[in-house]
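**Student:** Can you look at this prediction? I've put the sequence above it.
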Amino acid sequence: MRYLPLTESDRREMLGVIGAKSVDELFRDVPASARLPAKIGGLPDHQGELEVERAFQALAAKNLSPSEVPFFIGAGAYRHHVPSTVDYMIQRGEFLTSYTPYQPEITQGTLQYLFEFQTQVTLLTGMEVANASMYDGSTGAAEAVLMANRVTRRHKALISGGLHPHYRGVIQTTARWEGFKAVVSRPDIEGLEDLIANIDKETSCVVVQNPSFFGHVRDFSKLADACHAAGALLIVVVTEVVSLGLIKPPGEMGADIVVCEGQSIGNGLGFGGPYVGLFATREKYMRQMPGRLVGETVDADGKRGFVLTLSTREQHIRREKATSNICTNAGLCALAFTVHLTLLGEAGFKRLAELNHAKASELADRVTSVPGVQLVNESFFNEFTVRLPKPAGPVVEALAAKRILGGVPVSRLVPGDPAAANLLLLAATETATEHGMAPLVAGLKEVL
Amino acid sequence: MTIKYTNEHEWIRVEGDVGTIGITQYAQEQLGDVVFVEVPEVGRKVTKGDSIAVVESVKAASDIFAPVSGEVVEANAGLADTPGDVNAEPTGKGWFFRIRLADKSELDSLMDEKAYDAFVKSLS
Amino acid sequence: MVQSLDRSQGRAGSPAGSASAASGTFTGNRALQIEEPLIFEMGQPGRCGVDLPEPSKVKDRLNGLRRKGEIGLPGLSEPQVVQHYTRLSQKNYAIDMGVYPLGSCTMKHNPRINEKVARLTGIGDLHPLQPVSTVQGALELIDTLAHWLKTLTGMPAVAMSPAAGAHGEMCGMMAIAAALDAKGERAKRRIVLAPESAHGTNPATAAALGFTVKPIPANERGRVDLAALKAALGPEVAAIMLTNPNTCGLFESEIVEISKAVHEAGAYFYCDGANFNAIVGRVRPGDLGVDCMHINLHKTFSTPHGGGGPGAGPVVLSAALAPYAPYPWIVKQGDVFAVKEDGAKVDGAPVGRLKAFYGQMGMFTRALAYMMSHGADGLKQAAEDAVLSANYIMASLKDTMTPGFEGPCMHEALFDDGFLKDTGVSTLDFAKAMIDEGYHPMTMYFPLVVHGAMLIEPTESQAKEDLDLFIAAMRSLAERARSGGAVEDFKAAPRFAPRRRLDETLAARKPVLRWRPSNNPPEGDPMQQAAE
């Protein structure tokens, strides 16, 4: 077997040194009732690369690929072009197959790129400190609420109706089992929600999303002031990180914690994971942050170097009193993010954002030329909501039958709500083209 | 003035009804370089045995338990800038906080210097 | 108080021995070891690593919130970016370079076929919210992996969405909390028992869910003290959290009695599956009585560690806990896969949602490719080779170093620092000296139950000759430490790595977590020095 270097002769020699007659002796602590007489049944034997590849190609053939058809789906994961360099860098063995940098002398590569990543995250969000990544935006959002609870010593979080329903779900699950209250608002379809009146002395935080799940772009400065006046924190979630190239960042609106889904930069759609959560906050809350932190220091020769730091907040030291149970970060996805963003730089990142907005504007104008299709949004970045004259779910299925991936019916994420039934979320990134938009428009005309 | 010790390696120096609390030389040696001390708020009321402060080194974090019951009247703000004071002078400028004792008889169950020294010897 | 750790680590200026680390070159570089600035110190406006077309002119629809001013991102061309990250990569040790004996992390070979299939068009580029009818192959992939996990563990159900081991622990313990809730026992059963040797994520997870964690003592054989456990069980205990094999690398021989006692007391058995590599294909945790177990796909099933992530932590569940698996549920209806998302009616009472979308699909693909490559026969052989290799190391070094416990180990060998007594060399110093020998150190100071722990896990991926060289190197280091004359060399280690020991005290006392123009300029700027 190609991955197992030991030969029968090696095994015999090793058993001889150990003083055992067979490897079964080494498993003698396994209770007799649990000893399997032979290899586990119901599973195939080993296969070569060719067979394995064929099996996966067969699975791939049963899926409709976004790379091959008109594609306009967003809703928390966005299709962007990732430069070729990124994939080559993350597949270097020294990055791909290395581990958490617990021995910093021989992991300065990882530590330095994470330090660059942390800096990039603070710059994008307009905040003061950032960690070395979370699993994703949704779990990062839940950790942000837990952090706000710790900081304020309060237990009630207000959740905007503009927050991605999956993110809301994760926060609700966390609230239910970890013992705090999550007050959820109605879906904010029109983008007019005002939560200020709901803030009281028991509120630990208000969680909003910008652009919202429905695409609206808003200024949360007044909300931030209201939070602070009541001793609460403002948490702003950003599910499309490219929007920060064109829109005022949450740090400039007075946010206390910013959580982003970083997938758009460096990481493909991947059917939902692995993604990369960005987590940033103010320096005064630094010690309350979950996740790993990389800090700068010097070595015994006085040379600048980087180390994991403030580890005593984490589970492996603080155990039951840790800020979080988190161990793993999103390592390689953070590297992909950093490499892609470094390739883009200031000019490229801003231009990418402009391109996205321009494409979405164009798409909005074209789809609203279809009779019965109304644009709900006055503002958006690269994603917006349209109201159709009939339920959106079957429309999307009919488009899929024509090999067009025409957005997400809001009812899929907001089921059972009559106000959502006819709503369709459409996204257009820099990858959208005339060759995609024209069939979508034609398809909608046919189906509606 | 009385100085007593706990088996969690805390010392308490009592003058009148106020006790100053810190960790011992042995404790700071065990911890290594102290990087951060989380001290309690002034005004906080504690019961003997409550977890009241945290002292962090690079690789460890230790809870400090209130050796007596009472009210916190002062916390060592200087530790925020120079946590290394705990290593340099654990019984001097490295003090953590001061408590107004609610019940002086609680001191009776703590060790005196001789007993504490014997206790430390027994650990090695 | 916490156990004593070496105190000299991380202090700059500690005795460096005779070996000066001054590079002696103009650039400060040493052949292939290049001193590398940060991207913020390299960028120039006017440089860009991508070519993007001119956006068409449109009226802003941004609610007047167009971003003003500079973000502050540096501009680099593609060649510079490639050079920068390539040079950084050369400062990293990795599995691809050799023995990586980190106990409890299972640093096995990461096959490249996994990377290839994860990137196939129609797998790597799918959107999670495409209509379910357009992703039947993706759902089949997840279902197939689920089948392998259930079959290998002998458990009837599996929750696929947790993103990492710790996340899986949270999922399993939430399911237990939900099961107790359904029986009206959540308020009564507030205690979770876990050994002192447990990984920190165990008590952290339990505490987060409002449980009080109480320790289960170990016996002198390094295993759970069954009598003490039985005494600790009672009507207030919700669950135990055990790792098996445990973090000392030992199989819990009384595990069947343990699970029986736990169940009789009305509690649940959470198993931390981090060490599954020792028994995969030979023993099914379901046969041992566990109620749920998370599996680290990035350990047992070879998905790459990537410098610290991403991971994946699916959780196999007993029949009693299966109803509480989080959304989404992937169910087969005839020949067709359907997805039951938040609020959907299912044959159970999901705890809720733990993560957006489905889970770590990229890791599912890689793990399944690994499983299919090995097959049932190969997985069994892998576990046996892992256990054989660890015992080979234990047997070869037990006279030179001090094993933590007597008798054979499983897939990892635990030593303590007894053999270094009175040498002046600590576990930390020993580990740093391994770096100079070309090895990543073993796990150190974990588990906490032995003094100065050294946990060595070779995995099944090393050739015997490589194990022999590793053993010889360890023996040489142990003998040098005991010879008495080499303490300074150990304290000065590592001498040949890209960096010497780093000042972790400074990093924690004065945290600098991002670049700012006012931070120290890059070290040893040769042009500046030349000018001076």
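**Tutor:** Looks like it arrived, so ask away. Numbering: from 1, shown residues only, chains lettered A, B, ... in the order given.
**Student:** all helices for chain C, in order.
**Tutor:** C:78-89, C:112-118, C:136-153, C:165-182, C:201-208, C:226-232, C:255-264, C:361-397, C:427-436, C:464-483, C:487-492, C:504-509, C:526-531 (DSSP state H).
**Student:** closest to chain B out of these?
**Tutor:** With Cβ to the nearest Cβ as the measure, helix C:504-509 is the member of these nearest chain B (3.6 Å). Backbone N, C-alpha and C define where each C-beta goes, glycine included.
**Student:** Confidence-wise, which of the helices of chain C is weakest overall?
**Tutor:** Comparing mean pLDDT across the helices of chain C, the weakest is helix C:526-531, with a mean of 44.
**Student:** need the residues of chain B near chain A, please.
**Tutor:** B:35-36, B:56-61, B:63 (Cβ under 8 Å from any Cβ of the partner chain).
**Student:** which stretches of chain B form helices?
**Tutor:** Using DSSP H, helices in chain B cover B:25-31, B:85-88, B:113-123.
**Student:** now chain A
**Tutor:** A:8-18, A:49-60, A:84-90, A:93-96, A:108-125, A:137-152, A:165-178, A:221-229, A:315-318, A:331-367, A:392-401, A:410-413, A:434-447.
**Student:** highest average neighbour count across those?
**Tutor:** Among the helices of chain A, ranked by average contacts under mean count of other Cβ atoms under 10 Å in any protein chain shown, first place goes to helix A:108-125 (a mean of 27).
**Student:** which residues does the closest residue to chain B within the stretch 251-400 of chain A contact?
**Tutor:** As assessed by Cβ to the nearest Cβ, chain B sits closest to A:Thr312 within the stretch 251-400 of chain A, at 4.1 Å. The contact partners of A:Thr312, by Cβ atoms under 8 Å, 6 or more residues apart in numbering or on different chains, come to A:318, B:35-36, B:56-61, C:508.
**Student:** Can I get those in JSON lines including distance to C:Met371?
**Tutor:** Shown next, in JSON lines, are the contacts of A:Thr312 (distance: Cβ to Cβ, whole Å):
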{"residue": "A:Arg318", "distance to C:Met371": "35"}
{"residue": "B:Val35", "distance to C:Met371": "44"}
{"residue": "B:Phe36", "distance to C:Met371": "45"}
{"residue": "B:Glu56", "distance to C:Met371": "42"}
{"residue": "B:Ser57", "distance to C:Met371": "43"}
{"residue": "B:Val58", "distance to C:Met371": "40"}
{"residue": "B:Lys59", "distance to C:Met371": "37"}
{"residue": "B:Ala60", "distance to C:Met371": "40"}
{"residue": "B:Ala61", "distance to C:Met371": "40"}
{"residue": "C:Ala508", "distance to C:Met371": "42"}
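**Student:** Residue ranges of each domain in chain C, please.
**Tutor:** In the assignment given by automatic domain parsing, the structural domains of chain C cover C:115-371, C:377-498.
**Student:** for the closest residue to C:Glu196 other than its chain neighbours, which residues make a bridge with it?
**Tutor:** Excluding the flanking residues, the one nearest C:Glu196 by Cβ to Cβ, 6 or more residues apart in numbering or on different chains is C:Pro215, at 5.0 Å. With DSSP bridges as the criterion, C:Pro215 is bridged to C:Ala194.
**Student:** With mean neighbour count as new columns, can the domains of chain C be given to me in a markdown table?
**Tutor:** Listed next are these as a markdown table, based on neighbours: other Cβ atoms under 10 Å in any protein chain shown:
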| stretch | mean neighbour count |
| --- | --- |
| domain C:115-371 | 22 |
| domain C:377-498 | 21 |
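**Student:** how about the lowest-mean-pLDDT helix or strand in chain B: buried residues?
**Tutor:** Least confident helix or strand of chain B, by mean pLDDT, DSSP states H and E, is strand B:61-65 with a mean of 87. Neighbour counts over strand B:61-65 (16 or more other Cβ atoms under 10 Å in any protein chain shown) mark B:61-64 as buried.
**Student:** can you tell me which of these lies nearest to chain A?
**Tutor:** Nearest member of these to chain A, counting by Cβ to the nearest Cβ, is B:Ala61, at 4.1 Å.
**Student:** How about the closest one: what's its closest non-neighbour residue?
**Tutor:** A:Thr312 (4.1 Å).
**Student:** got it, and C:Met363?
**Tutor:** C:Met363 sits nearest to C:Ala312 (Cβ to Cβ, 6+ apart), 3.7 Å away.
**Student:** Kindly report the same for C:Ala463.
**Tutor:** Using Cβ to Cβ, 6+ apart, the closest residue to C:Ala463 is A:Pro5 (3.9 Å).
**Student:** Number of residues surrounding A:Glu283?
**Tutor:** Neighbourhood size, A:Glu283 [other Cβ atoms under 10 Å in any protein chain shown]: 12.
**Student:** For it, list the residues it contacts.
**Tutor:** A:128-129.
**Student:** Let me see the contact set for the closest residue to A:Met127 other than its chain neighbours.
**Tutor:** Using Cβ to Cβ, 6+ apart and skipping the chain neighbours, the partner closest in space to A:Met127 is A:Ala280 (3.8 Å). Contact analysis of A:Ala280 by Cβ under 8 Å, 6+ apart lists A:121-122, A:125, A:127-131, A:251, A:257-259.
**Student:** returning to that earlier point: out of the domains of chain C, which comes closest to A:Ala300?
**Tutor:** Nearest to A:Ala300 among the domains of chain C is domain C:377-498; the distance by Cβ to Cβ comes to 7.9 Å.
**Student:** how long is that closest one from one end to the other?
**Tutor:** Taking Cα to Cα, to the nearest Å, domain C:377-498 runs 42 Å from one end to the other.
**Student:** burial measure for whichever residue of the stretch 1-150 of chain A sits closest to chain B, as a count.
**Tutor:** As assessed by Cβ to the nearest Cβ, chain B sits closest to A:Tyr102 within the stretch 1-150 of chain A, at 10.8 Å. The number of residues packed near A:Tyr102 is 17, by other Cβ under 10 Å.
**Student:** can you pull the contacts of it?
**Tutor:** A:Tyr102 touches A:Leu308, counting by Cβ under 8 Å, 6+ apart.
**Student:** near chain C, which residues of chain B show up?
**Tutor:** Checking chain B against chain C by Cβ under 8 Å from any Cβ, the hits are B:8-9, B:27, B:29-33, B:35-36, B:56-62, B:83-84.
**Student:** can you rerun that using 7 Å?
**Tutor:** B:8-9, B:27, B:30, B:32-33, B:35-36, B:58-60, B:62, B:83 (Cβ under 7 Å from any Cβ of the partner chain).
**Student:** Tell me the buried residues within those residues.
**Tutor:** B:9, B:27, B:30, B:32-33, B:35-36, B:58-60, B:62, B:83.
**Student:** sorry, back to before: could you tell me which residues make contact with the residue nearest to C:Met363?
**Tutor:** C:163-164, C:297-298, C:303, C:359-360, C:363-364 (Cβ atoms under 7 Å, 6 or more residues apart in numbering or on different chains).
**Student:** which residue sits closest to the spatially most central residue of chain B, ignoring its sequence neighbours?
**Tutor:** Nearest to the geometric centre of chain B sits B:Gly22, at 2.7 Å (Cα atoms, centre = their mean). Residue nearest to B:Gly22 in three dimensions, not counting chain neighbours: B:Trp95, with 4.3 Å by Cβ to Cβ, 6+ apart.
**Student:** The one you found and A:Glu378, how far apart?
**Tutor:** 60 Å (Cβ to Cβ, to the nearest Å).
**Student:** Kindly reformat the domains of chain C as a markdown table containing distance to A:Pro31.
**Tutor:** Formatted as a markdown table, the domains of chain C follow (distance: least, Cβ to Cβ, whole Å):
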| stretch | distance to A:Pro31 |
| --- | --- |
| domain C:115-371 | 5 |
| domain C:377-498 | 14 |
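**Student:** Of all these, which one is nearest A:Glu25?
**Tutor:** domain C:377-498 (7.4 Å).
**Student:** ok, which stretches of chain B are strands?
**Tutor:** B:2-5, B:10-15, B:18-23, B:34-38, B:45-46, B:51-57, B:61-65, B:70-75, B:97-101 (DSSP state E).
**Student:** What parts of the stretch 51-200 of chain A come near chain B?
**Tutor:** Close to chain B, as judged by Cβ under 7 Å from any Cβ, the stretch 51-200 of chain A has no residues.
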